[in-house]
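Chemist: sequence isn't available, so here's the structure alone:
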């Protein structure tokens, strides 16, 4: 019976439920989209390309491991954790010999993979896809077959894949300059190869996500720069041996070593290390987006249902007056919410699947996720979204009905005529608790000094403070009405009417303020978090460079030979190569750099606060203050860490410096770091000299792509790295902001559309159509002003806490033009969502509306 009443109510009051339906549908779409990203990170497969013809691949362990043993109440608990390393781990080549004697093994093919970028005549790289060099002996792993020319024999011979040949117009006999781990070198193209078919996979388009360049065996070993090691080993079974048998035999042969044996779908992560790392990033992004979007959705949906119940207050009061029990009212509203939630949840979940695809494609296009990681689409995210939507709708309806369901029948109609003088004490208490919680979160931000820890707390603080505004909204609106009473009364009849509505209908106006506060607060926070970080990092990078000139490259980096040539040039005092990587201390990740120790003090000043860099050498490490505090280290301490390629080492702490944002948390000797990274080329080279820019450029003429720039280039590069991170974050939060913008329009439209009778009465007592519209615009501007103050205030408070923790100063970067644009766009949304429903509400004749039965 109650379900039939609920369906009849929805049918008769479609307009009143439309806003809740839209909010729930958008929430379900958002949760589904985030869920698909999260599931892709957890279960997405990584397709292999170059290893298609090798059923089993042996590789080095790409993780750092930590095992903890806890004894509690007589029980022993062993916990094992693993985290991926940043660079490629290499395998001792004696693995090849161990496998050759295994009966199940038919063929063992060692593999070398290293940086090898083809350069255009002006020194630029072919950026269409990543390029790697290999020895031609490993072409059988795909397999590659020659379609033109011959295999490489001499050190200057080169075979390119068909994709590169077609893009660059290459043919046998042409010359191609390649920038690898050494100085750029011109090679003669001797052949063009294309992927063949292996075990039913591959084909001419099999190499879709990389460029392969094949060198002679001797040249490949020289360029790989890891003597005695290989990237991986491909294993082909003997005749009649299945892949499972081969894998088991290989594992047995390598027992006792750290070598990893992969087969089937597990081969992809060995080939594409960045795709494996992207899984972790997608899980992080999907989880953070999903959690934030769920909190925002709950806040928006509760506000929408609250407004919907307020619009039906008289109807529900009448039901109480004719003996409907509180339980029946709650059950009725709950059934209505479930029906609307089911419809909105199902449609939103279906829309969220292609929305998740668009988001995934955007991440791929920006390089945050490699295309080799296949997107996963399953029923789980839509089902979770529908369940969350139903639960959220039901809980929102029950919360919204709490007041009307509890009042006595005799008071119900009287309560419906006039808005309550103040919110309930429970609502005020909850609002104050959340306000205090938001203040605590802002204070916590001031002591968080890592981006990974502070980012989720930043957005949580915005949502919590916005929720407190939602609960305390009626009181805030009344206070604002008192402050604005003078200006509004002076603005004419429309202003006086707007002031009366702000004061007399504070709950309704508060419902419009909340999503606008959330939109402005969240947007400003998203847009200004990264600039705050970037400004501090860029300033530190620029202040810390003492060099006269900085070398950068349009290709993968500045070759060591270019720096070496400058060191022997007249008039050059010091040359410092800077190579970047990421290391792990325990399981924690730290950005690090390697610098040339000789003459370091003449080119670089990290603002040392403890210790000294005077005798900095290969066995030393300098730490940022943040890293030193986290690790509880000081000059003279010993630090055990894992380098980028998984090599453990122990270094002596010689200095602690303040400019960690600009230069990373750990600084080591260039020689040490360069041996353990995939790209040993310097990101920048700092040069102290009295020679001019043109003189330096002339000395480096044989190094295509190397540029001589002013010291400001270091800050520019730092800003570019920050901008790349910011773009990914903006895409990730864009959907949440779009959902919030829809909620703003939705709430304003619902608020205006239910005031048809009010507008008719105003018209009957002499107000003109223009005056009513002016009143609406004034109300919208007043709400916008209040929301701007609250939203920007929340953003400023949160950003200040973020700035204190991350940069050490309470100086968030707020771009005035961006702030004005955000407020202007929010104002346009509010005015449009007010004007259009307002004009529609004024169309019926006032007499007809006033005499119509409700």
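Modeler: Now that the structure is in, tell me what you want to look at. For clarity, every value in this text was computed on a predicted model and none was experimentally measured.
Chemist: residues contacting residue 299?
Modeler: 463, 466, 467, 470, 514, 518 (Cβ atoms under 8 Å, 6 or more residues apart in numbering). In short, each C-beta sits where N, CA and C put it, glycine included.
Chemist: and which of these is nearest to residue 766?
Modeler: Among the contacts of residue 299, residue 514 lies closest to residue 766 (Cβ to Cβ), at 33.5 Å.
Chemist: my read: residue 748 touches residue 780, true?
Modeler: Yes - at 7.2 Å, residue 748 counts as touching residue 780 under the criterion of Cβ atoms under 8 Å.
Chemist: what sits in contact with each of these two?
Modeler: Listed contacts common to residue 748 and residue 780 are 830, 834; contacts here mean Cβ under 8 Å, 6+ apart.
Chemist: neighbour-wise, which of these two wins?
Modeler: Per other Cβ atoms under 10 Å, whichever of residue 748 and residue 780 has more neighbours is residue 748, with 29 against 25.
Chemist: after the helix or strand hosting the more buried one comes which helix or strand?
Modeler: Assigned by DSSP states H and E, residue 748 falls within helix 712-753. Next along the chain after helix 712-753, taking DSSP H and E as the criterion, comes helix 756-764.
Chemist: starting at the chain centroid, how far to that next one?
Modeler: 49 Å (Cα atoms, centre = their mean, to the nearest Å).
Chemist: could you give the bridge partners of residue 611?
Modeler: Beta-bridge partners recorded for residue 611 (DSSP bridges): residue 655.
Chemist: for residue 435, see how far away it is.
Modeler: 44 Å (Cβ to Cβ, to the nearest Å).
Chemist: who has more neighbours out of the two?
Modeler: More crowded of residue 611 and residue 435, by other Cβ under 10 Å: residue 611, with 20 against 17.
Chemist: just checking, the more buried one touches residue 637?
Modeler: No - using Cβ under 8 Å as the test, residue 611 is too far from residue 637 to be in contact (10.0 Å).
Chemist: hey, what's in contact with both of those two?
Modeler: Listed as contacting both residue 611 and residue 637 by Cβ under 8 Å, 6+ apart are residue 653.
Chemist: ends of stretch 552-560, what's the gap?
Modeler: 12 Å (Cα to Cα, to the nearest Å).
Chemist: who's in contact with it?
Modeler: When contacts are defined by Cβ under 8 Å, 6+ apart, stretch 552-560 is touched by residues 115, 117, 119, 123-125, 179, 182-184, 551, 577, 579, 674, 679-685, 703-707, 709, 713, 717.
Chemist: for that stretch, the distance to its chain's centre please.
Modeler: Per Cα atoms, centre = their mean, the centroid offset for stretch 552-560 relative to its chain is 28 Å.
Chemist: what comes up buried for stretch 440-449?
Modeler: Buried residues in stretch 440-449, counting neighbours by 16 or more other Cβ atoms under 10 Å, are found at 441, 442, 444, 445, 446, 448, 449.
Chemist: first-to-last residue distance for that stretch?
Modeler: End-to-end span of stretch 440-449 (Cα to Cα): 16 Å.
Chemist: A strand includes residue 193, no?
Modeler: Yes - membership of residue 193 in a strand is supported by DSSP: H, G, I helix; E, B strand; the rest coil.
Chemist: that one pairs with what?
Modeler: So, taking DSSP bridges as the rule, residue 193 has residue 146, residue 161 as bridge partners.
Chemist: what score does it have for pLDDT?
Modeler: The predicted local confidence for residue 193 comes out at a pLDDT of 94.
Chemist: burial check on it, number of neighbours?
Modeler: 25.
Chemist: so it touches residue 161, yeah?
Modeler: Yes - contact criterion Cβ under 8 Å: residue 193 and residue 161 qualify, at 5.8 Å.
Chemist: show me this protein divided up by domain.
Modeler: Domain assignment of the chain by automatic domain parsing yields the ranges 1-46+275-418, 56-271, 442-449+476-541+715-854, 546-710.
Chemist: these: lowest mean pLDDT?
Modeler: Mean pLDDT values for the domains of the chain show the minimum at domain 1-46+275-418, a mean of 78.
Chemist: picking that back up, tell me which two of the contacts of residue 299 sit farthest apart.
Modeler: Going by Cβ to Cβ, the pair spanning those furthest: 463 and 514, at 11.5 Å.
Chemist: out of these two, which sits in the more crowded spot?
Modeler: Set residue 463 next to residue 514 and count neighbours by other Cβ under 10 Å: residue 514 wins out with 28 against 24.
Chemist: identify the residues contacting that one.
Modeler: Contact analysis of residue 514 by Cβ under 8 Å, 6+ apart lists 299, 303, 466, 469, 470, 473, 747.
Chemist: any idea how many residues pack against residue 153?
Modeler: Neighbours of residue 153 (other Cβ under 10 Å): 12.
Chemist: where does residue 187 fall, secondary structure wise?
Modeler: Assigned by DSSP H and E, residue 187 belongs to strand 185-195.
Chemist: against which helices or strands is that strand packed?
Modeler: With contacts taken as 3 or more Cβ pairs under 8 Å, 6 or more residues apart in numbering; DSSP states H and E, strand 185-195 sits against strand 144-149, strand 157-161, helix 162-168, strand 175-179, strand 211-215.
Chemist: name the residues of the third one that are buried.
Modeler: When you say that, I think you mean helix 162-168. In terms of neighbour count (16+ other Cβ under 10 Å), helix 162-168 has its buried residues at 162, 163, 164, 165, 168.
Chemist: before we move on, what about the first one?
Modeler: By neighbour count, and taking 16+ other Cβ under 10 Å as the criterion, the buried residues in strand 144-149 are 144, 146, 148, 149.
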